[in-house]
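**Q** Below is the sequence, then the predicted model.
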Amino acid sequence: MDIVIRRVERGEFAALGEITARAYLDDGLLDFGESDAYLVELRDVAKRAGAAEVLVAVEGGCLLGGVTFVPGPGPMADLAVPGEAEIRMLAVDRAARGRGAGEALVRSCVERARAVEGCVRVILSTQRSMRSAHRIYERLGFVRTPERDWNPVPEWDDITLLTYQLTL
């Protein structure tokens, strides 16, 4: 079967929120586990869908994962400035990994960015330990932009998100 990338449907919000939360929890990406405040954001697909474009990867009717495509600066952007689109919260269900869903989601975001008038690059933030995601980004032509690395929680010195960009 082929993986289909499409907009999330309202009835899938809870399932995608749980896939996203589980991916971050199971991969040890949240400092406080189930009590991490960011977990609320990861699960709140309705909020993301109201402010950006949330895409899902589906195969044979099964939800494999999702991503938030932010077409420019706005409430869902962490770093995007005018002329940039941003990719956020890429997550694939652990059981579906290695089948191309993550790469298909990123490719779809890049295609969408190319369709945004005035968009010249796609940016994203990632954690140091997300090596599988880094390989996807690099395979698709993204390059590291260490000058844009940032800390989402300034009071904690040990959290630095790495940044990548793709010039369109």
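**A** The structure has been received and is ready for your questions. Numbers count the residues shown, from 1 in each chain.
**Q** my guess is His134 meets Ser125, correct?
**A** No: under the criterion of Cβ atoms under 8 Å, His134 lies out of contact with Ser125, with a separation of 11.8 Å. Where C-beta positions appear, they are placed from N, C-alpha and C, glycine not excepted.
**Q** Return every residue with contacts to both of the two.
**A** Counting by Cβ atoms under 8 Å, 6 or more residues apart in numbering, the shared contacts of His134 and Ser125 are Leu162.
**Q** Neighbours of Ala89, how many?
**A** To be clear, residue 89 is Met; Ala isn't right here. The number of residues packed near Met89 is 22, by other Cβ atoms under 10 Å.
**Q** mean confidence for whichever strand or helix holds it?
**A** Assigned by DSSP states H and E, Met89 belongs to strand 84-92. Per-residue confidence for strand 84-92 averages out to 97 on the pLDDT scale.
**Q** Can you list the strands that that strand pairs with?
**A** Listed by DSSP bridges, the sheet partners of strand 84-92 and their directions read strand 62-70 (antiparallel), strand 121-126 (parallel).
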